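> can't give you the sequence, but here's the structure:
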């Protein structure tokens, strides 16, 4: 079993930055693709970014492209989401997810089998 714990969320003003961390325990996730998703109140959980097992391939939602960067540190069994130029519409609970049966990322949340509990990101205007 893999446990994922997100951290780094908080309250920030528009234009600010945050770095989210997704720390895995129980098993190494070095061969797993990992994605970040977010869910705002009253909305469905949506794809934000994903990274392949090697870190060589990344994918971003159009809404965050150029502002967010996903990366991973296999030695620390951790995946990061650097969020710059934050906007009020980025306010949501952010979740990381791991895909244990494939090293290729997916934009579909149904293709991930391990999820963290989420961390709240609030961007004030």
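Yes, it's here. Note that the structure is a prediction, hence the values are computed from the model and not measured. Numbering: from 1, shown residues only.
> make it CA atoms for all contacts and neighbour counts henceforth
Fine.
> Give me the contact list for stretch 82-96.
Here stretch 82-96 makes contact (Cα atoms under 8 Å, 6 or more residues apart in numbering) with 4, 6, 13-20, 22, 34-41, 67-70, 115-125.
> Please name the residues that touch the residue nearest the centre of the chain.
By Cα atoms, centre = their mean, the chain has its centre lying nearest to residue 36, at 2.5 Å. Residue 36 makes contacts with 47-50, 81, 94-97, as judged by Cα under 8 Å, 6+ apart.
> Using JSON lines, lay out those together with secondary structure.
Shown next, in JSON lines, are the contacts of residue 36 (DSSP: H, G, I helix; E, B strand; the rest coil):
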{"residue": "47", "secondary structure": "strand"}
{"residue": "48", "secondary structure": "strand"}
{"residue": "49", "secondary structure": "strand"}
{"residue": "50", "secondary structure": "strand"}
{"residue": "81", "secondary structure": "strand"}
{"residue": "94", "secondary structure": "strand"}
{"residue": "95", "secondary structure": "strand"}
{"residue": "96", "secondary structure": "strand"}
{"residue": "97", "secondary structure": "strand"}
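> nearest to residue 104, of those residues?
Distance to residue 104 across these (Cα to Cα) is lowest for residue 50, with 9.2 Å.
> need the contact list for the closest one.
Residue 50 neighbours (Cα under 8 Å, 6+ apart): 33-36, 58-60, 70, 105-107.
> what's the nearest residue to it if we skip its chain neighbours?
Distance criterion Cα to Cα, 6 or more residues apart in numbering; nearest residue to residue 50, sequence neighbours excluded, is residue 35 at 4.0 Å.
> And residue 111, by the same measure?
Using Cα to Cα, 6+ apart, the closest residue to residue 111 is residue 99 (6.7 Å).
> buried subset of the contacts of stretch 82-96?
4, 6, 14, 17-20, 22, 34-40, 68-70, 115-116, 118-124 (16 or more other Cα atoms under 10 Å).
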